[in-house]
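J.: Predicted model and sequence follow; I will ask about them next.
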Amino acid sequence: MRILVTGASGFAGSLLVPRLRADGHTVRALGRDPQRVRAALARAHSGRERPDDAADGVEVVRGDALSADGLAPALADVDVAYYLIHSMERPSAPGVPFPERERLAAENFAAAAKRAGVRRIVYLGGLTPRGAAVERAGSDADVQISRHLASRAQVERVLLGAVPDSLALRASIVIGARSRSFRLLVHLLERMRVLTLPAWHSLRTQPIDARDVTEMLAACATTTRVSGRALDIGGPDVLTYGEMLSSIADLMLVNRPTVTLKVNLTGLTARVAAAIAGEDPELVLPLMEGLRGDLLPADDHAADLLGVRLHSFDAAVEHALGEWERSERLAAR
């Protein structure tokens with residue numbers, strides 16, 4: 001099967017490309033910077049920088065969904081296209097709000113995929129709080145969820161509406177060495193001697209191992225059991241954010257006393273957390289804005305439908321920390 005992976009320099013895309021190759025697919029990887037794609041594939045493959053041979057057997061092409069440059073040749077003769085693009089970094093179009101960038105990029109890609117005769121688009125999006133209204137992103141119905149999650153829901157509708165056989169997976173926190181959400185939590189635990197947790201510490205979610213997400217994405221290329229729908233995905237363990245941080249701290253062998261607050265103060269908390277973790281506030285603020293309710297998957301049986309056996313939370317964290325230490329020092333390990 002001929003497959004295009006967009007966002008191939010990102011966390012999910014760089015893990016997916018070699019997994020698809022292992023299944024015997026012909027893979028084309030799309031990115032704004034081909035050299036960055038090759039370097040990301042090298043890290044995902046070996047834990048070391050080997051950009052010269054990392055993309056062996058993979059066609060790496062230049063393209064930009066926001067401008068639509070390069071989309072037509074990238075999608076030519078493609079059976080399945082993975083859309084793994086998210087505005088979680090500084091934009092290539094400054095001044096344009098990220099929901100608008102996300103919508104325009106998705107519309108460009110959906111139109112190009114439809115013209116090219118792509119059979120299926122696979123999208124990795126985000127879970128929304130149960131009961132949240134997301135039918136019209138940006139409308140009054142969306143006040144219950146963050147702009148970021150509403151934007152992802154809108155992208156999902158654009159992509160699934162363009163190619164009827166498409167699939168979307170919705171996840172909350174993905175546990176992996178290069179997952180920016182996971183890295184944020186680890187850096188906070190490394191650098192804060194006392195954890196001060198806002199009110200969202202009691203909200204629940206089901207973090208999922210990056211290996212399981214990769215397996216599910218790979219299965220989406222060929223599955224005939226589901227099509228034209230979105231599946232909520234999560235790991236087997238339901239944890240509050242406070243419990244999640246405590247478990248990660250235990251596995252890192254660090255002791256962090258915790259102080260809990262009754263308020264969120266999201267804007268302030270996000271900026272303080274970004275400064276402590278050395279992260280971009282433009283990344284952290286959208287993540288924390290999404291913490292307005294439990295982020296739990298609906299009972300879609302996604303793992304069973306896609307034939308994936310899930311790893312426990314502790315196993316996911318241990319694996320991610322081990323991968324991290326292959327290339328970076330991790331405090332207190």
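T.: Arrived safely.

J.: hang on, Leu217 packs against Leu169?
T.: Yes - judged on Cβ atoms under 8 Å, Leu217 makes contact with Leu169 at a distance of 6.8 Å. For every residue, glycine as well, the C-beta is placed using N, CA and C.

J.: Could you pull out the strands in the stretch 101-250 of the chain for me?
T.: 120-126, 167-171, 174-175, 195-197, 204-205, 208-209, 229-232, 239-240 (DSSP state E, counting those that start in this stretch).

J.: one step back: what touches both of Leu217 and Leu169?
T.: Any residue near both Leu217 and Leu169 by Cβ atoms under 8 Å, 6 or more residues apart in numbering counts here, and that gives 122, 124.

J.: how many neighbours does Ala162 have?
T.: Around Ala162 there are 19 other residues, counting by other Cβ atoms under 10 Å.

J.: which regions of the stretch 51-200 of the chain lie under the pLDDT threshold?
T.: Residues of the stretch 51-200 of the chain meeting the criterion pLDDT under 70: 51-56, 87-96, 130-145.

J.: could you redo the last one with a cut-off of 50?
T.: 51-54, 91, 133-143 (pLDDT under 50).

J.: related to what we said a few turns ago, export the strands of the stretch 101-250 of the chain to CSV and tack on mean neighbour count and distance to Leu251?
T.: Converted to CSV, these look like this (neighbours: other Cβ atoms under 10 Å; distance: least, Cβ to Cβ, whole Å):
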stretch, mean neighbour count, distance to Leu251
strand 120-126, 24, 25
strand 167-171, 25, 21
strand 174-175, 27, 11
strand 195-197, 16, 15
strand 204-205, 19, 18
strand 208-209, 26, 14
strand 229-232, 18, 26
strand 239-240, 17, 13
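
J.: any chance of the ones you listed in a markdown table, plus distance to Ala12?
T.: Listed next are the strands of the stretch 101-250 of the chain as a markdown table, based on distance: least, Cβ to Cβ, whole Å:
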| stretch | distance to Ala12 |
| --- | --- |
| strand 120-126 | 6 |
| strand 167-171 | 9 |
| strand 174-175 | 7 |
| strand 195-197 | 27 |
| strand 204-205 | 18 |
| strand 208-209 | 11 |
| strand 229-232 | 15 |
| strand 239-240 | 21 |
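
J.: do you know which of the ones you listed lies nearest Glu328?
T.: Evaluated with Cβ to Cβ, the strands of the stretch 101-250 of the chain place strand 174-175 nearest to Glu328, the distance being 16.3 Å.

J.: Let me see the residues that make contact with the closest one.
T.: With Cβ under 8 Å, 6+ apart as the test, strand 174-175 has contacts from 11-12, 181-182, 207-210, 213, 235, 313, 316-317, 320.

J.: Please identify the pairing partners of it and their relative orientation?
T.: Paired with strand 174-175 in the same sheet, following DSSP bridges, are strand 208-209 (parallel).
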